[in-house]
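> I'd like to go over a predicted model; first the sequence, then the structure.
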Amino acid sequence: MFTPALAEIRFGCGLSPDLQPKNSVEDMLRQLAGKDSMAQAHPIQDFDSFWPQMTAFGQLRRKRRKARGTDAYDGLNRQYNSMRRKARANRTRWFAQIILRHCQTKDGFRERLALFWGDHFTAQGKNGLVRTLGAPYVDTAIRPLVSGNFADLLISAVTHPFMLQYLDQHQSIGPNSRVAQRSDRPNGLNENLAREVLELHTLGVDGPYTQQDVGQLAELFTGLSFRLKTGFQFKANTAEPGPETVLGKEYGGNPAQLRSIHAVLRDLAIHPATADHIARKLVVHFVSDTPDPELVRHVAARFRDTNGDLAQVYAALLEHPAAWVPELRNVKPPLDFIASACRALAVRPAHLERTSPKNLNMRLVTPMILMGQRWERPNGPDGWPEQDTAWITPPSLAARIRWAMLAPRQLMNLLPPPESFVETSLGEYADGPVRFTARAAETQAEAIGLILSSPAFQRR
């Protein structure tokens with residue numbers, strides 16, 4: 001059952017020498033229900049405030065292109081490259097803020113849930129400055145809703161401009177819409193968003209839907225779009241008029257309205273297959289690649305009974321004995337490994353804030369790529385793999401060991417004594433071999449690196 005160390009390692013950001021672990025499941029849930037102090041202490045720019053800069057960047061890019069071969073080109077090119085450098089630096093700073101949240105939080109479960117749901121609703125910027133906006137998307141559309149109702153979270157993520165541009169939904173035209181009727185050119189219906197909503201976000205890949213459901217949902221989704229100046233927009237002139245039938249239920253009408261889209265998403269959010277899909281994903285992510293069927297059923301039942309009240313769903317996960325098997329089973333993905341190592345080392349905010357974006361990239365972002373995880377750039381809309389085998393490869397393990405040996409000296413001025421570090425970083429999971437390693441290593445830095453490289457620290 002519950003132990004403080006296991007709570008921090010499996011459901012939080014890892015042990016810290018500065019912060020006391022929670023004493024109970026009730027403490028974990030109480031903290032989650034409270035104020036999101038880390039978002040305030042280590043802020044990431046609000047997506048909506050950054051979005052208008054896309055207009056300015058697009059205008060500058062067009063001016064630059066037209067000015068090729070003229071005297072004005074060099075000045076415009078400098079402005080263009082300056083905007084790109086600033087955007088990349090912002091992105092790196094936002095990554096550092098995420099690491100600091102993991103280091104400083106007393107509410108590690110919230111940080112883990114923000115990563116989990118950000119991955120569940122994977123979206124990526126496809127070009128220009130939009131490529132840098134993954135962190136603002138998660139902080140704006142997902143993080144504030146992680147302990148609310150799943151339907152609200154689903155609507156927020158699915159209709160967000162970042163998701164719409166990633167899956168080309170803003171280019172989807174209803175075949176009988178006003179725009180299609182007036183156009184001499186063929187207009188396409190895009191099924192990307194509809195397919196991912198059914199397959200990934202709600203019912204699951206084996207869910208009870210057909211290709212006809214995908215097509216009907218895609219027609220219902222027409223009209224979902226955005227403007228660079230103002231953000232989300234429902235374009236009635238591109239929306240398919242008339243009713244659509246999804247999973248045997250009729251939605252929409254003439255004229256098409258946004259509320260019909262919200263209605264179908266709310267129904268999908270509380271479908272029994274959605275409960276099963278989300279429950280299994282949560283158990284796999286937090287507990288084991290081979291989830292206990294009873295635990296999955298318990299979490300799914302709470303999802304169904306509460307119509308997707310996520311706070312109650314998490315309570316079901318945390319109250320079940322199968323969630324607290326003492327064996328550490330799941331391998332930490334690279335981001336979680338680096339973040340938990342920084343937390344164990346008690347890396348200070350001042351140190352990362354003083355570090356240049358270039359050095360932050362070298363010390364934190366690039367090593368993650370070598371470990372197999374390019375931040376915010378998973379291979380597809382299904383996000384990062386959960387299977388341990390995805391992270392246990394000879395090159396990625398070598399990269400982890402290399403980072404563990406070198407990075408601590410770069411991230412802090414004074415390394416902790418190995419004998420105390422093995423206790424504060426692993427707690428009850430500091431076994432005989434790793435304790436011996438802490439004592440027998442030739443140097444302090446080597447001892448710290450070996451502790452961070454140990455199987456006990458690599459798993460949760």
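Sure, I can see it.
> you'd agree Leu345 is up against Pro408?
Yes. Counting by Cβ atoms under 8 Å, Leu345 touches Pro408, with 5.7 Å between them. Where C-beta positions appear, they are placed from N, C-alpha and C, glycine not excepted.
> got any residues that touch both of these two?
Counting by Cβ atoms under 8 Å, 6 or more residues apart in numbering, the shared contacts of Leu345 and Pro408 are Leu415, Ile448.
> Name the surrounding residues that touch stretch 359-376.
92-93, 95-96, 99, 124, 134-135, 333-335, 337-338, 352, 355, 384, 390-391, 393, 395-396, 399-400, 402-403, 407, 410-411.
> Out of those, list just those in helices.
Among the contacts of stretch 359-376, the residues falling in helices (DSSP state H) are 92-93, 95-96, 99, 134-135, 334-335, 337-338, 352, 395-396, 399-400, 402-403, 407, 410-411.
> quick one: average pLDDT of stretch 184-194?
Stretch 184-194 carries an average pLDDT of 85.
> and it, how far apart are its ends?
Stretch 184-194 stretches 26 Å from its first residue to its last (Cα to Cα, to the nearest Å).
> Test for you: state the pLDDT assigned to the closest residue to Phe234 other than its chain neighbours.
Once flanking residues are discounted, Phe234 sits nearest to Leu258: 4.4 Å by Cβ to Cβ, 6 or more residues apart in numbering. Confidence at Leu258, expressed as pLDDT, is 97.
> Could you measure from Leu258 over to Phe232?
Using Cβ to Cβ, to the nearest Å, we find Leu258 at a distance of 10 Å from Phe232.
> And Thr159, by the same measure?
6 Å.
> In PDB, list the C-alpha atoms belonging to stretch 415-434.
The C-alpha trace of stretch 415-434 is given here as PDB (Å, rounded to 0.1, in the frame of the first residue of the first chain):
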ATOM      1  CA  LEU A 415      27.700  18.400  -5.500                       C
ATOM      2  CA  PRO A 416      26.000  16.700  -2.500                       C
ATOM      3  CA  PRO A 417      28.000  14.000  -0.500                       C
ATOM      4  CA  PRO A 418      27.300  10.700  -2.200                       C
ATOM      5  CA  GLU A 419      26.400   8.900   1.100                       C
ATOM      6  CA  SER A 420      23.600  11.400   1.700                       C
ATOM      7  CA  PHE A 421      22.600  11.700  -1.900                       C
ATOM      8  CA  VAL A 422      21.900   8.000  -2.200                       C
ATOM      9  CA  GLU A 423      19.400   8.300   0.700                       C
ATOM     10  CA  THR A 424      17.700  11.500  -0.400                       C
ATOM     11  CA  SER A 425      17.400  10.500  -4.100                       C
ATOM     12  CA  LEU A 426      16.300   6.800  -3.600                       C
ATOM     13  CA  GLY A 427      15.000   6.500   0.000                       C
ATOM     14  CA  GLU A 428      13.900   3.000   0.700                       C
ATOM     15  CA  TYR A 429      14.900   2.000  -2.900                       C
ATOM     16  CA  ALA A 430      18.600   2.500  -2.100                       C
ATOM     17  CA  ASP A 431      19.700  -1.200  -2.100                       C
ATOM     18  CA  GLY A 432      23.000  -2.700  -1.200                       C
ATOM     19  CA  PRO A 433      24.700  -2.400  -4.600                       C
ATOM     20  CA  VAL A 434      23.900   1.200  -5.100                       C
END
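> Just the buried residues of that stretch, please?
Neighbour counts over stretch 415-434 (16 or more other Cβ atoms under 10 Å) mark 415-416, 418, 421-427, 429-430, 434 as buried.
> Lowest-confidence member of these, which is it?
Val434 (92).
> quick one: that residue and Leu452, what's the gap?
Taken as Cβ to Cβ, the span from Val434 to Leu452 is 10 Å.
> ok, now Ile98?
19 Å.
> Tell me which of the two has more neighbours.
The neighbour count for Ile98 versus Leu452, taken as other Cβ atoms under 10 Å, is higher for Leu452 (25 against 22).
> All the helices of the stretch 201-350 of the chain, residue numbers only.
Along the stretch 201-350 of the chain, the stretches classed as helices by DSSP state H, counting those that start in this stretch are 211-221, 258-269, 272-286, 293-305, 310-319, 334-345, 349-354.
> got CSV for those, with distance to Phe2 and mean neighbour count too?
Compiled in CSV, the helices of the stretch 201-350 of the chain are given as follows (distance: least, Cβ to Cβ, whole Å; neighbours: other Cβ atoms under 10 Å):
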stretch, distance to Phe2, mean neighbour count
helix 211-221, 41, 21
helix 258-269, 30, 19
helix 272-286, 14, 21
helix 293-305, 15, 19
helix 310-319, 8, 20
helix 334-345, 20, 25
helix 349-354, 30, 14
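> Output the helix or strand Phe109 falls within as CSV, nothing but the C-alphas.
Assigned by DSSP states H and E, Phe109 belongs to helix 108-120. The C-alpha trace of helix 108-120 is given here as CSV (Å, rounded to 0.1, in the frame of the first residue of the first chain):
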residue,chain,number,x,y,z
GLY,A,108,4.4,16.4,-8.2
PHE,A,109,1.2,14.6,-9.3
ARG,A,110,0.0,17.7,-11.0
GLU,A,111,3.2,18.0,-13.0
ARG,A,112,3.0,14.4,-14.1
LEU,A,113,-0.7,14.8,-15.1
ALA,A,114,0.2,17.9,-17.2
LEU,A,115,2.7,15.8,-19.1
PHE,A,116,0.4,12.9,-19.4
TRP,A,117,-2.5,14.9,-20.8
GLY,A,118,-0.2,17.0,-23.0
ASP,A,119,0.9,13.8,-24.5
HIS,A,120,-2.6,12.4,-24.8
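> what about it, distance to the chain center?
6 Å (Cα atoms, centre = their mean, to the nearest Å).
> How about stretch 266-283?
Mean-position distance between stretch 266-283 and its chain equals 18 Å (Cα atoms, centre = their mean).
> now stretch 31-43
Its chain's average C-alpha position is 17 Å from that of stretch 31-43, according to Cα atoms, centre = their mean.
> Span of it from start to end?
OK, stretch 31-43 end separation, Cα to Cα: 19 Å.
> next one: stretch 112-131
Terminal residues of stretch 112-131 lie 23 Å apart, using Cα to Cα.
> mind checking how far the most centrally placed residue in the chain is from Ile44?
Centroid check for the chain by Cα atoms, centre = their mean gives Gly118 as the closest residue, at 2.5 Å. Distance of Gly118 to Ile44, given as Cβ to Cβ: 12 Å.
> now do Met405
From Met405 to Ile44 the distance is 30 Å (Cβ to Cβ).
> So if I had to pick from the two, which one is more boxed in?
Between Met405 and Ile44, counted using other Cβ under 10 Å, the more crowded position is Ile44 (22 against 16).
> Show me the domain layout of the chain.
What automatic domain parsing lists as the domains of the chain is 162-269, 334-458.
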